[in-house]
Each structure stands twice: as C-alpha cells, then as structure tokens.
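A.B. asks: for reference, the sequence and a predicted model appear below.
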Amino acid sequence: MTQTIETFLNRYLVTVSKPGRYAGGEFNQIVKDWGKTAVRLALAFPDTYEIGLPNLGLSILYDQVNRRDDALAERVYCPWGDMQDLMRNHQIPLFSLENKVPLKDFDVIGFTLPYESLYTNLLSMLDLGGIPLRSSQRGEEDPLIIAGGHACFNPEPISPFLDAFVIGEGEEVIHEILDLVKAHKKDGTTRRELLRKLDDIPGLYIPSFFEVFYHSNGLIKEIRHVIKPEKHTVTKRFVKELPEPVTNFLVPNIQTVNERVSIEIMRGCSRGCRFCQAGMITRPIRERSANQVLAALKSATESTGFEEISLLSLSTSDHSQITEIMQGVMEISQARQLAFSLPSLRVESFTPELIATMAGKRKGNFTIAPEAGSQALRSRINKSISDEEIMSTATQIFRMGWTNLKLYFMIGFPDETDEDIQGIIDLCRQIKAAGKRLIGGRLKIHISVNTLIPKAHTPFQWLPFSNREETARKYRLISDGLRKTGIQIDRPDFRHSLLEVWLSRGDRRLADVIETAWKNGAKFDAWNENFDSQKWLAAFQTCNIDPEFYASRAREMDEILPWDHISSGISKNFLIREYEKSRQGEISPDCRSVCHACGIQSNFMISCSELRTRA
Amino acid sequence: MRIRIVFSKTANLRYTSILDVQKIWERTVRRAGFYLQYSQGFHPQAKIQAANPLPLGYDGLEELVDLWLTGGPAPDLIVQQLSEALPDGISIKRIEIVPENAPSLPKQVDFSDYCIRLHDSEQDFAGILEKIKSLLARETLPRTRNGKNYDLRPLILDLAAERISGDSIEIYLRMPSNPGKTGRPEEVMFELGFEWQDFQIVRRRLILGEPEP
C-alpha cells in the first residue's frame, strides 16, 4: 500500500491546495525502520498540518516515543477537503507522513485534542483511515484508538469513538500504554483483555467500562463502572518532575502558524482565576530551572535554526527565576539575531527589573489580560488586579518603547452589570489616552472580548452560558463606547461559542449529535469559513436532543455532572467554596502564599512547594 | 563574502515555495553555525538572493542562490557544513565565490531548460511527435492563465520529445525565465493534451545571459 500511496502522491499532489502539507520530510523528522520496530504509534492531530505541526504536546510525545528502540511514532494531520475528496476518489487511505503507512496498520493511534471544535475532524480521520467510528464496532485487527489533551477532561461527548482516554499529562503514561500494547501483540491477547489491563493504569479512562444511567428528566442518575463497581473515578496523571524539554523540533518546509523554539518553563498556575480551566487542571506548579531552560533554548536554536524563541507557561512572569531566564534569553537572541516572544505575562509580577532585561530589543505586541472591566468583578473571578496596576503597567511598557498593546477581556460572568461593561470601556479609553500622551500616533490598541464558557472542573462549571440577546447587547455597549477611539475589537461568533459550550459541557448522548453533524458535512469547525451551525442544529433535531439543556441551563449544585467521574485532583468541595467566594466577591490569593486546600496535595500525597522549584 | 550555490530541489521539497526555500536557507546557515549578513534598517533582512522562483511541483536540478556570509569560511567547509544542515530534498552540487559587486542573479537569468517526464510509458510516442510538430507549426497559441489572455507560442523556444532507456518518454523544452516574460511548461503540456497528473516537470538548468551594463 505504501507504494500505491507514494505513486498517488507523486502524480496528484500537485493538483491539491498546499501540497506541502502531505509531503513530510522536515528537518529533524525521525523515520524508523517499520519492519524492525515492535510497537507503532500514529500521533494524530485533527486539524491541518500548519496548525498541528507546532503543537507542543504532540512534539513532546513524538520525542518521548521515538527515544525508545522498540517503538516508533509517526504523524498524521487532517487532510483539507480537496485532499479528502481526492483520496476517497482514488481509494487512498489516510497515511502517516514518515513511512507513508496507512493508519490502520499502526498498533495505536493517539489523537491530540487541545480543544473541542476538532471532534468532527477526528471522525473524518478515522473514516479516511478505514477504521470503524465507534469503539464497539472495532475488531481485533483494528488499532487501539486513544486520545489525550485538555479537551479530554470532559471526554463524554466523544467517548463512544475512543477506546481509551489519557486524562492529564502523557509523558509517563504513554510508555506504560506502549509497554502493554507490545506485550499484548506478543501474547496475542484479545482486545477486551487489553482494555481491561489499560483500565488498571492510573489516568486511563476506558469509556466502555463505565455505564451512565439517567433520570426521566434527562439528568444523570448514576455513572457506574461495569466491571469494578468500586471504581468511581479516573484521576488524572501528572509528572512530578518535568522531563528534559524537547529541543529537536520539526522544522517545517511550508509556513505553519508559528515557527519557533518553544520551551515550557513552568507547568501549572498558582493564580486560581475562577474561569480558567487550564489553571485548574494543570496543577501543581512545576518549574524548570533557569539552567535547564537556557541550555534547552541554546540547543534547540542550534538544532532547528528557528529565528524566534518563545517561553511557554500559563503565567511566565511568575517563574521564580524569570529575571535570570530573561537575561539568558536576551544573550542568546542577540548573538543570533533572534526574535523572542513572551506570552502570558502578569501585571502583578511584571517588575521593572524584568522590563529592564528587555531594553534595546525590537518590541512586538504586548498583552495584558485584565479579563473584566471593574475591580469588583475582577475580585469575583479571582483576577485581583487593580485599575491602577493595569494603568501603571501600560504606562511602563509605552515608556519602554512598545507601541502595540493587546488587551484581553471576557463578558458573561455571573452577576455582571452594565457598570462592569462600562469599566471595560473606561479602562480602554484611559489606556488609550495615556498611550497617546507618551507615544502619540504610533499607538495601536487591540482588544479581544471573549464570552465566558463555563468549563468543566472550574468553579464556574455549574453556570449557564449567556444568552444570545444579552451577549449581543453587551458587545454593542462596548463597540458604541469605543467608537472613534481607533481601538480594534475582536469578538467570537456567538454560534461558534455555542458549539464549544455544547461540546465541552455535554454528556455521552451528544456523540450521536456529533456523528450526525459530521454526516451532515460538518468539518473543520474551528475554521470560521467552514463552520456551519445549521448542520449542528439539524443534528440536534435529528437526534431529538435539546441543545439548551447543555447551554443555557444552570446546573444544580448536587446534580451529577457528565464529567464527575473524571478527577483533576481538585476536590469538588474546593470548586464549590470558590464558587461561593465568587458570589461574595471574595478573593483567594495566589496559592504560593496561602494554600486553599484545593485537593491536589491531599489527593496526590504531595507537597506543592517541594515540587515547584528544582535546583 | 558572497557565495553562489548550485543545488537541486526535488522530492518532498517539490511543494515548498520560493519564500519558504528562502527560510530554509536562513535556518540551514544558522544550523551550520555560519552567519548571514543582514540589511541595515529597522527590519533587517537576511541577504539571500535566489535566481528565479521554481514553481510548486517542479523539480530543479541546478537551481541558483547567492548567500552573503560574514567572515570567510573555506568553501569546502561551507559545502560540508551546509549539506549536513540541509533538509532532505535540497542538495548542494557546488558553490563558487562571487565578487561582491557582481550583478544580481535574477537580472542575469534568460531561459530555463526543462525536461518533462511522462509517468505513463504506454503513451503513443509517434502521436506525441505529431502533436509537437503541429503545435510548433502554429503562429499563435492563445491561452488564458489566471484570467489573463496571452500567446504561448513565442514563449516556446525549443520543444522536442525523446524515447529514452526503457520505454519512458521525455519532453524537452526551453522557455524564457526573466522578469519580463516567463513561460510555464505545464501550459505547453496542457496544449499537448496532458493533465497535471500525467507528467513531472524538471528544470534542468537556468541559462544566464550577459548582464546589461
């Protein structure tokens, strides 16, 4: 089949859009001897090549697995529509980029799911691979289909399509899975037995082993493990110490969404913003030492030749050695004329010393995330920065030479008033005035105003999603209030937010809706030009499911939530306490200074402060 | 120091555009441990100059690019270290040192020589020869490309077919490749009744003319 695929590519690739997506052969690509490798994993990303290639999660697993002598990892991305049609017309199955092997021939296919709008592409990829869509339809010859990534913290809507989910971090557990699969191949055990063994691995969720029972009103009555009734939850995995960072990144031959050396300097976040799922599910904080970060940056720069370096984390300026890291970054970037980007800086920890390390550098965008317009609302969402702090940071960065400022806001918080919305307008106008005084006409301000999606595993998980009219009215207030200021406003399409709401807060009954929407032609839903909410609404109708049940309904505090059997290690009591504090306008300070007993330390028997820093 | 690299671009790099190839050179130089010169100004650009863009889907056997490096590493060392740092699909044939004040490459390119391989050896060779003959006999070949009408005929400077070892058929073509006019071999192939999936275009070499004073 590989020969057929290569002949097909040789002849027809020139006829599709962006053919470089399907060519492979990037610098640092690892091609192993297929026949001589015991376990074979396909790492699948259900969006296009140029979106998937820079994905750090996938790069980490590619590196981890290919370090093993007995295993190989190859990549596969979702072909664009024209290529899907062409492949179907020529009966070419979906194949990996490295050895050009059909997906079906791999032992394991691991999907990376960082967000929910990729679900229909996941179905397209299985279908193009000739693999039955549902776990229950797969036979002994089919590969094991697994998924991981942040979206999997509510795996339910796609649970019938996957054989297993990895909840949490994959660096260690991927090896345990491959070891099991290798033994399973050798011993010739059944698929069912393999699943039972996988079920014993902490952090692995086998959805077919859990049965969900419903009340007549549609609420969940019980979620029960069918073999081990005593097993109530699957608790996420995390690595106590971050492994050596990836340095041999794939260097694409065509343009991708970002091309740079990305070194994760810290995982987890201590700020506890109540809307932020990432901040909840990535606990505890684990830093990489400045030495390790700088050594990795240097080695990655040499091995890739990338012209930009980037430090990743949820809260970069909170790293205990950030000044040291920045000094090193400046030295490396000056020596080789590299650009650098530093996302996720915090107003609270963005000190003058830190700013000073960036002196003399060309300045790109600077981002501040006040999230809400008034201090009172910021306290309720636990983003406790004052208007003065925001103004002073903005003033400082203008003085340092930045001209482009981006501000992140959200609307749709509980008990949000028009004064809170007015706060967004006032704050933007004040910053604009200050900027104009300091740097004049070169000033560019861009604001992004998202609608809150109350996510699973956050203190806001019980909240209803905002309704369309109210959301539209608030956006109108903002755009009217900022008229003639030259401030650009980005906002999401409400229908697109709704899709994210359904898919991130739904239960397993939604699987039928997803499959029907996909059959209706829904694909690449993350792409505005492709997304068609009619296909989804029609699917809800066909399946006789009310989308409002998942979107606008406030969940009862004692209701069993679809993801209650998936544990992030954070206790439900903590989420309830945080929700109540939010209603009282009470903040929970940074947990590095005071522990709020979120459950991470007790559930995992660890000490956060011990895990946080490494010499 | 200004060096001229003669290189081939084939296989999986067939689908990489001129801008992305430029980036490949920048990154390769960095990986090889050399330093490119940069232009002055607020947005410094690496000094790299390709002779002529090779369209997506073509193979190129002797493409040309000039790189301006800092310092003066030995040519052998340059070839060796760049070769190790290049991705699969580009390979260096040779390099030469070019005087700093030599005319720019794009201005020197006059023509390209192409060899077009037919995938299917079962083609009727006599029929192809016949079609070429009648095509060359035409005075004009009006065609539309990207919504523009033009005459393809004057862009065909040479056209012939040959049956080579085994049964495979190759078509040879010379067309202008300069900023004023550029011929596209696939347009000739379409005129001969072929479609994209029937052939592979290989640019064998670029022909440099006398630079204008």
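C.D. replies: Okay, I see it.

A.B. asks: for the one residue sitting closest to the centre of chain A, which non-adjacent residue is spatially closest?
C.D. replies: Taking CA atoms, centre = their mean, the centroid of chain A lies closest to A:P114, which sits 3.3 Å from it. Spatially, and ignoring its direct neighbours in sequence, A:P114 is nearest to A:G149 (4.8 Å; CB to CB, 6 or more residues apart in numbering or on different chains). Quick note: C-beta positions are derived from backbone N, CA and C, even for glycine.

A.B. asks: near chain A, which residues of chain B are found?
C.D. replies: B:11-17, B:19-20, B:24, B:26-31, B:33, B:38, B:42, B:44, B:56-57, B:85-89, B:119, B:196-198, B:200 (CB under 8 Å from any CB of the partner chain).

A.B. asks: now, which of those lie within helices?
C.D. replies: Cross-referencing the residues of chain B next to chain A against helices under DSSP state H gives B:L19, B:D20, B:I24, B:E26, B:R27, B:T28, B:V29, B:R30, B:R31, B:A85.

A.B. asks: so what touches the least confident helix or strand in chain B by mean pLDDT?
C.D. replies: When each helix and strand of chain B is scored by mean pLDDT, DSSP states H and E, helix B:105-108 comes last, with a mean of 90. Under the criterion CB atoms under 8 Å, 6 or more residues apart in numbering or on different chains, residues B:4, B:49-52, B:64-66, B:179, B:208-209, B:211-212 lie in contact with helix B:105-108.

A.B. asks: try it again with 7 Å
C.D. replies: In this structure, residues lying in contact with helix B:105-108 by CB atoms under 7 Å, 6 or more residues apart in numbering or on different chains are B:Q49, B:A51, B:N52, B:L64, B:D66, B:P179, B:L208, B:G209, B:P211.

A.B. asks: for stretch A:127-141, same thing?
C.D. replies: Here stretch A:127-141 makes contact (CB under 7 Å, 6+ apart) with A:79, A:84, A:87, A:93-94, A:102-104, A:123, A:126, A:142-143, A:145, A:160-163, A:190-191, A:208, A:515.

A.B. asks: now it, how far from the centre of its chain.
C.D. replies: In terms of CA atoms, centre = their mean, to the nearest Å, the centre of stretch A:127-141 is set 26 Å apart from its chain centre.

A.B. asks: drop anything exposed from the residues of chain B next to chain A.
C.D. replies: Neighbour counting with 16 or more other CB atoms under 10 Å in any protein chain shown marks B:12-17, B:24, B:26-31, B:56, B:85-89, B:196, B:198, B:200 as buried within the residues of chain B next to chain A.

A.B. asks: SS state for the residue positioned nearest the centre of chain B?
C.D. replies: Closest to where the C-alpha atoms of chain B average out (CA atoms, centre = their mean) is B:L54, at 4.2 Å. At B:L54, secondary structure determined by DSSP: H, G, I helix; E, B strand; the rest coil is coil.

A.B. asks: for A:E140, grab phi and psi.
C.D. replies: phi -60, psi -30 (degrees, to the nearest 10).

A.B. asks: what's the neighbour count on it?
C.D. replies: Here the count is done by other CB atoms under 10 Å in any protein chain shown, and A:E140 has 10 residues near it.

A.B. asks: what about residue 128, how many neighbours?
C.D. replies: All of this is about chain A. 21.

A.B. asks: switch to chain B, please.
C.D. replies: 18.

A.B. asks: just the pLDDT for the closest residue to it other than its chain neighbours.
C.D. replies: What sits nearest to B:I128 in space, not counting adjacent residues and going by CB to CB, 6+ apart, is B:A161, at 5.2 Å. What the model reports as pLDDT for B:A161 is 95.

A.B. asks: pretty sure B:A161 contacts B:I171?
C.D. replies: Yes: using CB atoms under 7 Å, B:A161 makes contact with B:I171 at a distance of 4.8 Å.

A.B. asks: who touches the strand or helix carrying A:I390?
C.D. replies: Here A:I390, judged by DSSP states H and E, is contained in helix A:387-399. With contacts defined as CB under 7 Å, 6+ apart, helix A:387-399 is touched by A:347-348, A:350, A:355, A:366, A:368, A:370, A:375, A:405, A:427, A:430-431, A:434-435, A:438-439.
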